[in-house]
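In: sequence and predicted structure, then a few things I'm wondering about:
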Amino acid sequence: MNGIFEVNYAAFSVFAALLVTEIMGAVGLLIAWPSRSKVLDYIVPVWEVTGTFGALWVVTGDFAYPGLLVPVSEIFTPLLIVFLILWVARGASIAFAEFITKRGWLDEEKLFKAYALATVVLGLVVLVLLSALVGGQGVNLASGSFSIISWATAGSVVFVIGTLLLAVGLAPIFFDLTALRNLVLPLTALGVVLSVLSYWLMSSGLLTSWMAVPVLLTLAVGGLYAWPRTSKIVTNKAVFLLVLSVIIFSLQPLVYPKAIGQALPIDAVTTTGAMADAFFSITLVGGLLLALMLSLYMVVAARGPSGPSV
Amino acid sequence: MAVDAVSMLSFIRFLFAFTIGSHILLVSTSIALVFLISISEFLFIRKHDPVYEALARKLSRVFVISFGVGTASGIVMAVELVGLFPSFMTLVASTGAIVLLYAEVSAFFVEVLALVLYVYYWNSFRGRYSHWVVSLFVVTGTLASAVLITMLNAWMNTPNGFDVSAFISSGFKTVTGVEPFAAFLTHSTVSQVFHVLATTVFAGTMVIGAYFAYWHVRSRDAGERAMYSRALKILGAIAIVTIVLAGISGSEEMGTLLVNQPLKYAALDGNTVPGNNLPDRFFGSVVNGSYVGGIAIPGMQALLAKFETGFTALPGLSQFPASTWPPLLVMTTFNIMTVGGLALGLFMFVFFVSFIRKRRPYESRRLLYTWIPAAVLAMLVYELGWATDEVGRQPWIVYNVMTVAQAANTSSALLVPGIAIVLFYLAVVPVTFYFYSRVFQGSNKEKPA
């Protein structure tokens, strides 16, 4: 077991779970603006936290794999710059939207929709990046380049479609949209099938018996929601986020022990020695601080309703 | 699009300088805002003056925008560093310098969770003091982020915590003798953190103050003017304290440079040759190895850097190979910075005198009109301060270890997305400031009766 990889991947799992729930909400804002309140009640206090977990993933990644930074820079920087522009656009538009009062043509709806659009496109960019990290499609390690044309293989495209279907299938659970209850299980099941198919198309070596864990967990979430007596368990946002993080965390065999189409052995590029000790020390102290702040958050949040300070 | 490596290197330098120059505009105002919010709420609790509470509430929403855009922009910096200077980041990630960035993320978490509690759960706190204490967490998180990133910059100026000669002799491949926590305290950390904090808070305070000064002069509404004058009273006090600290820490910084980066010191002061009793020079230039033009104040250099005259041996450019000299433009940026800083000090002195004579400077039209150009000057001085620090270290990205050219990714594939990011920042920074104003002005329902 590679503890440093596990910490970095755990940070990614929480970040990805938060981002997925934001994307679910963003789609809701784009196609069902009149019923926005359920979405905004969740997204508005949480989007800053998503960004911070994103920063945690990036920095722990820098720390964990110093030898990878040059190749990552050569291969992915143009894609990362597109990601960065969308990232700032997302942060700026939702921050503006939260407190804007209507004057002229610009109003809350336009800004929230700009946020939603930036978030959905950002999600697509992340999926392209992740599929390349998993299957290596489009990546030329020898020349240090990435080609979107070479990326567009059946495996990559099915990966994107499968993940989007999963997000759409799980969204009614997260926002408790009971009118769409019957769609949850079929869409989730189809998403699972396509996702597993995409892993096989990318590289048959990615399919191990371990893959049963995320598959069963995902189907269990859909199943629990389909049955009214148990739906309350999974519509609890904290529980859903926790389970989603666990599902993503359990997908780690896609990139460990080898990533980028089984070409990159992770252990060989992970930091060691005094730096590894420092990594764990800072993780421990930072983790305690985070736990303290989250405890404070939960105590205060349990007391009363949230809402901007107006 | 094929672009040669030399042009790409220049473009990459420009791209990073531009994005970080834009980013620090947001950061400095964020830090000033968080101080103003916390002090306003404290004064509301102590004085039961509802104007202070309304001010804190309105500003907390502005701060959410500032935080949202600022942290997103911070992530741009973090990822850009990997993309544009991968060899530099490899060195950072192989030494204790990365520990600073990791610790900074913990500071972000404190800041973001405290901010969410502070803004979105304002009425859920039983006691007002307990809510105010949360603002101190926001202040702490914000300041800790600034301190930690400044520590990284200090490490770039005076690197430590690894075997430098072994690293260079291995062709930048092997890092040995790593002491991961040494980067927390390099030779320049204390003076640089002190100076950066003082100048950052001062510049941000002046910019936020200019906004209130403008509206105070313009507004006809007594309630609004009461709010603006209270804000200016707090900001004026912060600015007076921080300009004094900026002066003291600036002198301390020069003393540190003298010892640790003598070449940079010589370039900033235009010392062509070393000497003991050199004059402080302003606005001249170095031509054919000699300093020409400008104003010279005899014997001032050692006084400013070491609080003594004549004894300290001051370095000169002639002691170093010309190929290692930074662009001598830094002499001019440094001069504008010091003269601008002195002018700002004078302005704050007038403000202070007016304050102790109970002339209510925060309501004086003359002083408020002056505050606005002073804020522009403060931000210019602040930006030039950073430019002086960074350009003064050239050609090194990590002083005496790695040059910018050795660190950079000069792939021409970066050109188009790089231009896109510049255009994007050109739009996002003014729009952000516009929204600060619009959100602040747009919620006058909170104006106290």
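Out: Now that the structure is in, tell me what you want to look at.

In: and the helices in the stretch 151-300 of chain B?
Out: B:164-169, B:189-218, B:222-260, B:262-269, B:300-306 (DSSP state H, counting those that start in this stretch).

In: now swap in the stretch 201-310 of chain A and tell me
Out: Using DSSP H, counting those that start in this stretch, helices in the stretch 201-310 of chain A cover A:212-226, A:228-235, A:237-249, A:266-269, A:273-303.

In: so which of those gets nearest chain B?
Out: The closest of those to chain B is helix A:273-303. By Cβ to the nearest Cβ, the value is 3.4 Å. For glycine as for every other residue, the C-beta is placed from the backbone atoms N, C-alpha and C.

In: that closest one vs helix A:237-249, what angle?
Out: Between the axes of helix A:273-303 and helix A:237-249, defined by axes from the mean of the first three to the mean of the last three Cα atoms, to 10 degrees, the angle is 150 degrees.

In: chain center to helix A:273-303: distance?
Out: On the basis of Cα atoms, centre = their mean, to the nearest Å, helix A:273-303 sits 21 Å off its chain's mean C-alpha point.

In: repeat that for stretch A:18-34.
Out: Using Cα atoms, centre = their mean, the offset of stretch A:18-34 from its chain centre is 14 Å.

In: circling back to that earlier point, make a markdown table from the helices of the stretch 201-310 of chain A and add distance to residue B:414 to it.
Out: Shown next, in a markdown table, are the helices of the stretch 201-310 of chain A (distance: least, Cβ to Cβ, whole Å):
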| stretch | distance to residue B:414 |
| --- | --- |
| helix A:212-226 | 36 |
| helix A:228-235 | 44 |
| helix A:237-249 | 31 |
| helix A:266-269 | 23 |
| helix A:273-303 | 29 |
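
In: can you give me the strands for chain A?
Out: Ranges of strands in chain A, per DSSP state E, are A:139-140, A:145-146, A:258-259, A:264-265.

In: of the ones you listed, which is nearest chain B?
Out: Using Cβ to the nearest Cβ, the nearest of the strands of chain A to chain B is strand A:145-146, at 7.7 Å.

In: contacts for that closest one, please.
Out: A:74, A:75, A:76, A:78, A:79, A:132, A:138, A:139, A:140, B:413 (Cβ atoms under 8 Å, 6 or more residues apart in numbering or on different chains).

In: does residue B:203 touch residue B:380 like I think?
Out: No. In this structure, residue B:203 is not within contact of residue B:380 by Cβ atoms under 8 Å, at 9.2 Å.

In: flag the shaky bits of the chain, pLDDT-wise.
Out: The chain I'm using is chain A. A:101-104, A:304-310 (pLDDT under 70).

In: to clarify, I was referring to chain B.
Out: Looking at chain B by pLDDT under 70, you get B:1-2, B:302-311, B:443-449.

In: now do the end-to-end distance for stretch A:242-256.
Out: End-to-end distance for stretch A:242-256, by Cα to Cα, to the nearest Å: 22 Å.

In: got the buried residues for that stretch?
Out: For stretch A:242-256, burial by neighbour count (16 or more other Cβ atoms under 10 Å in any protein chain shown) applies to A:243-245, A:247-256.

In: nearest to residue B:181, of these?
Out: Ranked by distance to residue B:181 (Cβ to Cβ), the buried residues of stretch A:242-256 are led by residue A:256 at 28.6 Å.
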